[in-house]
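K.L.:
got a sequence here, can you build the structure:
(chains A and B)
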Amino acid sequence: MLQSKLFAPTLRETPAEAEIVSHQLMLRAGMIRKSAAGMYTYLPLAWRVLRKIMQIVREEMDREGGQELALPIVQPAELWKESGRWDVYGDEMFRLEDRHHRQFCLGPTHEEIITTTVKNEVRSYRDLPLRLYQIQNKYRDEIRPRFGLMRGREFIMKDLYSFDVDEAGLEDSYQAMYRAYNNIFKRCGLKFRPVEADSGAIGGNASQEFMVLAEAGEAVILYCDQCDYAANAEKAVSQVQVSDFNGAVKEKELVATPGHKTIDEVCRFLNIQAEQTVKTLFYGTGSGYIAVLIQGNDQVNEIKLGNVTNSKKLYLVSPEEIHEVLGLPVGYVGPIGLDGQIKILGDNRVANLHQVVVGANQEDYHYLQVEPVRDFVGVDYYDLRMAASGEQCPRCSGHLHDLRGIEVGQIFKLGTKYSKALSANFLDEKGQSRLMVMGCYGVGVSRTMAAAIEQNYDGNGIKWPIAIAPFQVHLITVSPEQLPVAKEIYENLSRQNIEVLLDDRDERPGVKFKDADLMGIPIRITVGPKGLAQGEAEVKFRATGNEERWPLDQIVAKTREYIEKCEQ
RNA sequence: CGGGGUGUGGCUCAGCUUGGUAGAGCGUUCGGUUCGGGACCGAAAGGCCGGAGGUUCAAAUCCUCUCACCCCGACCA
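P.N.:
Reported below is the predicted structural model:
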């Protein structure tokens, strides 16, 4: 490709709308332009990268028995009503009507339509398993699209759905996808980690996410420094030390704590640590309230709480609401005496505490020397806390550390949730009708491109991993005089199927170098008078900044050698 | 949806407080000098100041409404 013909309008300055690096650099490098919030045009450079990622995804899906197909983006409402998700999905679904006022949506995901397709055609266990996938745009009217391609309302996703005869088959499919996903992100040249994940709204009972490690990631992951345990912080658990308590158990004692409401204030006033307190938080479920007991220095994990309470719309009740609706003294609330008035859930850790301080449900008073097991009534205990960095791994004696990650893929065991809702049955070898056992597996293709940048950039621009770079070689001349030589190199490389972008523009060298750094093509070959005088070209690797001189007649061989080395 | 912020040539922004009819840098076009890390000189094109309504002799500037976009929270590949 000749750069003079390439439609890649680069920008010198960073557009004000872009906050994070990948968004800024994709705009500046002439890769994307915005059409509306969360909707982008992919210009040629971006599309080349996306096609490479898609190709890697295809190869790995096919290797594990996947078959590519294409499902409609516009889907009839009936299917979604049948599965019950027409209402559940809510405002996140783009909805539309045709001229006959029939309702449709733009597909946010495709369980409904694929399950229907399969159930209509598959009768026998002999036709299973099936692993079907597609790569196409998905539409989700996100509450808040942000960070460029990181959270778009239209994005490219690969989604594969597996249909098996039983749990063992599902396990095979799940493991196949686990392997495939590891290969995909490895081949893309990314540093990533598979982590345990909450299975969330899609349903099902086992799930892992693939996280590209990057500071800009929205997710926090906790991983063990000794074993391979790693989990999304939404899901992570830790072993919390149960301190041996051998002090004297005393009766609880009411103490005046006038004006001291927060954990901090109470601790300072009573000269104790936050670990010796239990805080009582109130959540609204939409249909009522629950009280949550948690150690004073812990955080409630609202995902875990939502799962335990089977509630999607949890919200922390405001102080005003506690005061006015629940009639409780904000700052002095505790579980003692609440029994019967409100459902009380406690974090497991609380049950192991001794001689703690809690609010007394009286203005300006707390209880001291409370024994949770003895003094709390009607409390159900669950794991409700956020695990934290520094705590002990749930599986071994190692400790947890945290990292930020960008979720680029997730694999789910769905079980029979959708096959049941949509009656996807088959006849087994005994002639018995059974439900298909399903899994679903997604890769955010456009997000993977953004994540690759978040992980590979410097102050001058992008540093593409070669496997997904828009071109492999950026060939630059210092002045137009070297163009004939450069064109010969260009032809030689192209003949070997090496993708070269030749900067044949009549620009000053500085401009070309700046644009080259911005675009981030891995191998930069400069043909200039200095090198040419010795029959050499200058080579600079974008990723490392290392420079070499290559004799002109070895450029093709050395380029191939470098690319092959990268592929390993 | 709640909270915060921004809309002025393609990009970055000034002007708004204290109304007087729009500016700079970059980019673009043309001419010239240049040419190994975003050159220099000269000339030019390009904006009904997000939109609607109002106040006023006069509105980018004040008021009302509205739209879009960005950031923080709930959602998620």
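
K.L.:
name the residue closest to the centre of chain A, please.
P.N.:
A:Glu407 (1.8 Å; CA atoms, centre = their mean).

K.L.:
and the pLDDT for that residue?
P.N.:
With respect to pLDDT, A:Glu407 scores 94.

K.L.:
same thing with A:Gly200?
P.N.:
The model's pLDDT for A:Gly200 equals 62.

K.L.:
follow-up on the earlier one: I'd say the residue nearest to the centre of chain A and A:Met211 touch.
P.N.:
Yes: A:Glu407 lies in contact with A:Met211 (CB atoms under 8 Å); the separation is 5.8 Å. (C-beta placed from N, C-alpha, C; glycine too.)

K.L.:
so where's chain A shaky on pLDDT?
P.N.:
Scanning chain A for pLDDT under 70 picks out A:200-205, A:243.

K.L.:
domains in it, by residue range?
P.N.:
A:21-237+A:402-454, A:253-382, A:471-567 (automatic domain parsing).

K.L.:
in space, what's closest to the residue in the stretch 301-450 of chain A positioned nearest to RNA strand B - neighbours in sequence excluded?
P.N.:
Per CB to the nearest atom of the strand, A:Gly444 is where the stretch 301-450 of chain A lies closest to RNA strand B, at 2.8 Å. Spatial nearest neighbour of A:Gly444, chain neighbours left out: A:Val408 (5.3 Å); criterion: CB to CB, 6 or more residues apart in numbering.

K.L.:
so, in contact with RNA strand B or not, the helix or strand harbouring that neighbour?
P.N.:
Taking DSSP states H and E as the criterion, A:Val408 maps to strand A:400-415. Yes: counting by CB under 7 Å from any atom of the strand, contacts between strand A:400-415 and RNA strand B involve A:407-410.

K.L.:
which members of these are the farthest-apart pair?
P.N.:
Greatest spacing in those, by CB to CB: A:Val408 and A:Gln410 (8.7 Å).

K.L.:
which of the two has more neighbours?
P.N.:
A:Val408 (27 against 23; other CB atoms under 10 Å).

K.L.:
now the element after the helix or strand harbouring A:Ala168, going C-ward?
P.N.:
Assigned by DSSP H and E, A:Ala168 falls within helix A:167-187. Under the assignment DSSP H and E, the closest C-terminal helix or strand after helix A:167-187 is strand A:192-196.

K.L.:
so how far is that following strand off the chain centroid?
P.N.:
Chain-centre distance of strand A:192-196: 10 Å, with CA atoms, centre = their mean, to the nearest Å.

K.L.:
helix, strand, or coil at A:Ile563?
P.N.:
helix (DSSP: H, G, I helix; E, B strand; the rest coil).

K.L.:
quick check: it vs A:Val556, distance?
P.N.:
11 Å (CB to CB, to the nearest Å).

K.L.:
over to A:Ala516?
P.N.:
20 Å.

K.L.:
which one's more surrounded, those two?
P.N.:
Just comparing A:Ala516 and A:Val556: by other CB under 10 Å the higher neighbour count belongs to A:Ala516, 22 against 17.

K.L.:
how about the more buried one, secondary structure?
P.N.:
helix.

K.L.:
that older thread, buried sites along the next helix or strand after the strand holding A:Val408?
P.N.:
Per DSSP H and E, the first helix or strand lying C-terminal to strand A:400-415 is helix A:417-421. By 16 or more other CB atoms under 10 Å, the buried positions in helix A:417-421 come out as A:417-419, A:421.

K.L.:
from these, pick the one nearest A:Trp550.
P.N.:
Closest to A:Trp550, out of all of the buried residues of helix A:417-421 and judged by CB to CB, is A:Tyr418, at 56.1 Å.

K.L.:
tell me the contacts of that closest one?
P.N.:
A:83, A:111-112, A:115, A:203, A:424, A:438 (CB atoms under 8 Å, 6 or more residues apart in numbering).

K.L.:
out of those, who's the most crowded?
P.N.:
In these, the most neighbours by other CB under 10 Å go to A:Met438, 28 neighbours.

K.L.:
quick check: closest non-adjacent residue to that residue.
P.N.:
Excluding its sequence neighbours, the residue lying closest to A:Met438 (CB to CB, 6+ apart) is A:Leu414, at 4.3 Å.

K.L.:
isn't that neighbour right up against A:Glu111?
P.N.:
Yes: counting by CB under 8 Å, A:Leu414 does reach A:Glu111; the two are 7.5 Å apart.

K.L.:
quick one: stretch A:148-168 to chain centroid distance?
P.N.:
12 Å.

K.L.:
apologies, that question was intended for stretch A:117-130.
P.N.:
Worked out by CA atoms, centre = their mean, stretch A:117-130 lies 32 Å from the chain centre.

K.L.:
could I get the CA-only coordinates of that stretch as CSV?
P.N.:
Extracted as CSV, the C-alpha positions of stretch A:117-130 are listed here (Å, rounded to 0.1, in the frame of the first residue of the first chain):
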residue,chain,number,x,y,z
THR,A,117,-32.4,-22.4,14.8
VAL,A,118,-30.8,-25.4,16.3
LYS,A,119,-34.0,-26.8,17.9
ASN,A,120,-35.9,-26.5,14.7
GLU,A,121,-33.4,-28.7,12.9
VAL,A,122,-31.8,-31.0,15.5
ARG,A,123,-33.8,-34.0,16.6
SER,A,124,-31.3,-36.6,17.5
TYR,A,125,-28.3,-37.0,19.8
ARG,A,126,-26.5,-38.0,16.6
ASP,A,127,-26.5,-34.4,15.5
LEU,A,128,-24.8,-33.2,18.6
PRO,A,129,-22.6,-31.7,19.7
LEU,A,130,-22.7,-28.5,17.7
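
K.L.:
the residue in chain A positioned nearest to RNA strand B: what's it in contact with?
P.N.:
Residue nearest to RNA strand B within chain A (CB to the nearest atom of the strand): A:Gly528, separated by 2.2 Å. Taking CB under 8 Å, 6+ apart, we find A:Gly528 in contact with A:477-479, A:482, A:509, A:538.

K.L.:
please redo it, this time with the cut-off set to 10 Å
P.N.:
A:476-479, A:481-482, A:485-486, A:509, A:536-538 (CB atoms under 10 Å, 6 or more residues apart in numbering).

K.L.:
repeat that for A:Thr477.
P.N.:
A:483-487, A:489, A:502-505, A:507, A:509, A:512, A:525-529, A:532.

K.L.:
please indicate which of these are buried?
P.N.:
Buried among the contacts of A:Thr477 by 16+ other CB under 10 Å: A:483, A:486-487, A:489, A:502-505, A:507, A:512, A:525-528, A:532.

K.L.:
what about those, which are in helices?
P.N.:
Secondary structure from DSSP state H places A:483, A:486-487, A:489, A:512, A:532 of the buried ones among the contacts of A:Thr477 in helices.
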